[in-house]
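Visitor: make a model of this:
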Amino acid sequence: MNVRRIHGTDPAFWIRLAELAEFESPDVEAEVRAIVADVRARGDEAVVELTNRLDGRAVATAAELEIPMARASRALESLDREVRGALETAASRIRAFHERQRVGSWSRTEADGAVTGQRVVPVDRAGIYVPGGRAAYPSSVLMNAIPARVAGVGEVVMTVPAPGGEVSPAVLAAARIAEVDRIWSIGGAQAIAALAFGTQSVSAVDKIVGPGNAWVSTAKRLVFGRVGIDSVAGPSEILIVADGTTPAEWVAADLCSQAEHDEDARATLVCPVPAYVDAVESELAALVPRLSRAAIIRASFERSGAFVLVRDLDEAVEVANFLAPEHLELSVADPSTLLDRVRHAGAVFLGRHSTEVLGDYCAGPNHVLPTGRTARFSSPLGVYDFQKRMNVIECSAAAARRLGQVAVVLAKAEGLTAHACAAALRMPDETAGQGRG
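Guide: As a prediction, the model looks like this:
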């Protein structure tokens with residue numbers, strides 16, 4: 001397995017890092033645009049035709065694509081006891097974490113009697129997309145639906161592809177645990193279009209969240225504005241800053257845990273100790289052949305993986321901030337000394353025992369994270385993604401008089417005389433003329 005090495009002594013070091021961060025998504029926009037337009041124009045008919053063609057289904061009506069919640073309840077009841085317990089434990093931790101994110105409305109009264117504040121309300125309907133092609137992701141159901149429920153969203157609708165008509169029982173069980181309201185076995189761009197525009201059977205939502213492939217991400221980008229979205233997600237990423245004190249086998253396993261998602265996933269080790277990098281590479285050579293998704297992992301490392309050799313841990317943090325990874329492990333003896341300098345990452349895992357995998361499943365914080373360097377300006381999915389804020393203003397007569405004087409001056413400065421008039425009419429007669437001059 002050939003993993004590139006990037007050396008901090010290379011004069012083109014930062015250029016090499018920039019190249020490492022680049023990702024070209026498959027050019028699917030024309031195809032996705034056609035799918036979205038078709039679903040928007042023909043609704044159920046288009047969804048049925050696309051689902052039959054792309055997912056190998058043979059349904060006659062859109063009604064056959066809805067999975068009754070009774071089926072989800074049966075899936076939960078028949079689920080392996082250990083798996084059910086793990087899902088319920090994860091759900092409990094995820095719910096507890098996100099309940100701390102919930103914010104309420106607030107207001108304050110100024111000295112002149114003006115009352116200002118914000119009213120915080122949830123969106124009415126949210127759609128969550130759960131991938132279901134190469135693997136089943138019940139954890140994604142929990143991570144997307146639970147924050148919506150904590151926020152108070154009125155209805156949560158889930159779409160999940162069902163190639164050949166099959167849906168993982170664990171995914172259905174997770175939907176029941178997370179209190180999803182409706183489940184549609186629709187995948188790809190057609191699912192996003194149905195959620196955004198609505199069809200005769202699928203009601204339109206206000207916000208769409210959840211990861212997906214290039215077709216799903218492109219569809220989300222195209223419908224943004226008609227609905228809200230969480231982000232346009234790219235391949236999964238992990239960057240591990242290591243000082244050589246963590247067992248090399250552990251770090252190798254952590255790198256593989258993200259590389260196994262798909263061939264475009266990015267696994268990067270940043271370390272100032274060349275001998276340790278060699279040790280991790282040796283462990284990878286021994287570990288990968290034993291893993292069920294070995295071919296995907298090899299392709300991921302050869303396409304996008306990297307060992308970055310740096311001068312010291314200070315430079316390692318600079319590299320991490322530059323790449324702004326989805327997952328950042330600080331696998332060092334004293335991670336707290338580095339944390340304060342980390343500015344850009346979706347999630348940070350402190351110390352050798354904090355494997356990223358725990359964040360994927362059950363630590364509590366959300367695993368839907370910004371990718372592709374968007375952690376420079378984006379945040380993890382959370383309750384706040386399902387809440388809206390409305391500004392509230394109430395003026396007493398005294399406040400209208402005082403603020404009106406300021407508003408009249410500024411309105412006239414902007415040449416907006418109707419603005420000035422509206423403010424002046426609420427002022428005493430001796431000053432009202434200012435708005436009419």
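
Visitor: for the chain, give me the ranges with low pLDDT.
Guide: Counting by pLDDT under 70, the chain shows low-confidence ranges at 133-134, 429-437.

Visitor: longest helix in it, by residue count?
Guide: In the chain, assigned by DSSP state H, the helix with the most residues is helix 81-99.

Visitor: so what secondary structure elements neighbour the helix or strand following it?
Guide: Downstream of helix 81-99, the next assigned helix or strand under DSSP states H and E is strand 106-109. Judged by 3 or more CB pairs under 8 Å, 6 or more residues apart in numbering; DSSP states H and E, the packing partners of strand 106-109 are strand 115-122. C-betas here are computed from N, CA, C, even on glycine.

Visitor: ok, then the element right after the strand it packs on?
Guide: strand 125-129.

Visitor: can you list the strands that that next one pairs with?
Guide: Strand 125-129 pairs in its sheet with strand 155-159 (parallel), strand 207-209 (parallel), by DSSP bridges.

Visitor: these: which one's closest to residue 337?
Guide: strand 207-209 (34.9 Å; CB to CB).

Visitor: ok now that closest one, how far from the chain's centre?
Guide: Chain-centre distance of strand 207-209: 10 Å, with CA atoms, centre = their mean, to the nearest Å.

Visitor: identify the residues contacting that strand?
Guide: For strand 207-209, the surrounding residues in contact (CB atoms under 8 Å, 6 or more residues apart in numbering) are 123, 125-129, 144, 148, 192, 195-196, 220, 223, 227-230, 368, 381, 385-386.

Visitor: all the strands of the stretch 301-437 of the chain, residue numbers only.
Guide: 306-309, 327-331, 347-350, 387-394 (DSSP state E, counting those that start in this stretch).

Visitor: elements contacting the first one?
Guide: Other elements packing on strand 306-309 under the criterion 3+ CB pairs under 8 Å, 6+ apart are strand 4-7, strand 266-271, helix 274-287.

Visitor: could you do the second one as well?
Guide: Contact analysis of strand 327-331 by 3+ CB pairs under 8 Å, 6+ apart lists strand 237-242, helix 248-259, strand 347-350, helix 356-361 as its packing neighbours.

Visitor: residue 136: what's it in contact with?
Guide: Applying CB under 8 Å, 6+ apart to residue 136 gives the contacts 168, 170, 171.

Visitor: does the second one sit in a helix, a strand or a coil?
Guide: Right, residue 170. Judged by DSSP: H, G, I helix; E, B strand; the rest coil, the three-state class of residue 170 is helix.

Visitor: follow-up on the earlier one: I'd like to know which of the helices and strands packed on strand 327-331 is closest to residue 175.
Guide: Across the helices and strands packed on strand 327-331, closest to residue 175 is helix 356-361 (CB to CB), at 16.5 Å.

Visitor: list the contacts of that closest one.
Guide: Among residues not part of helix 356-361, those counted as contacts by CB under 8 Å, 6+ apart are 86, 90, 139, 238, 254, 257-258, 327, 329, 347, 349, 365, 367.

Visitor: nearest to residue 355 among those residues?
Guide: Nearest to residue 355 among these is residue 254, at 5.5 Å by CB to CB.

Visitor: and that closest one, what does it touch?
Guide: By CB under 8 Å, 6+ apart, the residues touching residue 254 are 238, 240, 329, 331, 355, 356, 357.

Visitor: just these now: which is nearest residue 304?
Guide: Using CB to CB, the contacts of residue 254 come closest to residue 304 at residue 238, 11.0 Å.

Visitor: pretty sure residue 3 contacts residue 307?
Guide: Yes. Counting by CB atoms under 8 Å, residue 3 does reach residue 307; the two are 5.9 Å apart.

Visitor: ok, those two, which is more surrounded?
Guide: Per other CB atoms under 10 Å, whichever of residue 3 and residue 307 has more neighbours is residue 307, with 23 against 20.

Visitor: what number of residues lie near residue 325?
Guide: 33.

Visitor: from residue 69, how far off is it?
Guide: Distance, residue 325 to residue 69, using CB to CB, to the nearest Å: 38 Å.

Visitor: keeping just the C-alphas, turn stretch 75-94 into CSV.
Guide: Taking Å, rounded to 0.1, in the frame of the first residue of the first chain, the C-alpha atoms of stretch 75-94 are listed here in CSV:
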residue,chain,number,x,y,z
ALA,A,75,-37.9,-4.3,13.7
LEU,A,76,-37.2,-2.8,17.1
GLU,A,77,-38.9,-5.6,19.0
SER,A,78,-37.1,-8.3,17.0
LEU,A,79,-33.7,-6.7,17.0
ASP,A,80,-30.8,-8.5,18.7
ARG,A,81,-30.9,-7.6,22.4
GLU,A,82,-27.3,-6.4,22.4
VAL,A,83,-27.7,-4.2,19.4
ARG,A,84,-30.9,-2.7,20.7
GLY,A,85,-29.2,-2.0,24.0
ALA,A,86,-26.3,-0.3,22.3
LEU,A,87,-28.7,1.8,20.2
GLU,A,88,-30.7,2.9,23.2
THR,A,89,-27.6,3.8,25.2
ALA,A,90,-26.3,5.8,22.2
ALA,A,91,-29.7,7.5,21.9
SER,A,92,-29.7,8.5,25.5
ARG,A,93,-26.3,10.0,25.4
ILE,A,94,-27.0,11.9,22.2
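
Visitor: find the nearest non-adjacent residue to residue 303, please.
Guide: residue 263 (6.0 Å; CB to CB, 6 or more residues apart in numbering).

Visitor: hang on, that neighbour packs against residue 299?
Guide: Yes. With contact defined as CB under 8 Å, residue 263 reaches residue 299; the gap is 4.0 Å.

Visitor: of all the strands paired with strand 125-129, which one is nearest residue 96?
Guide: When these are compared by CB to CB, strand 155-159 sits nearest residue 96, at 18.8 Å.

Visitor: contacts for the closest one next, please.
Guide: 124-130, 141, 145, 148-149, 175, 178-187, 191, 194-195, 202-203, 205.

Visitor: ok, residue 347 - contacts?
Guide: 326, 327, 328, 356, 359, 365, 367, 369, 380.

Visitor: picking up where we left off before, using neighbour counts, trim the contacts of helix 356-361 to the buried set.
Guide: Neighbour counting by 16 or more other CB atoms under 10 Å classes 86, 90, 139, 238, 254, 257-258, 327, 329, 347, 349, 365, 367 among the contacts of helix 356-361 as buried.

Visitor: re earlier: could you redo the contacts of residue 136 as CSV and give each row neighbour count and distance to residue 18?
Guide: Formatted as CSV, the contacts of residue 136 follow (neighbours: other CB atoms under 10 Å; distance: CB to CB, whole Å):
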residue, neighbour count, distance to residue 18
168, 18, 39
170, 21, 40
171, 24, 38
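
Visitor: sounds good, over and out.
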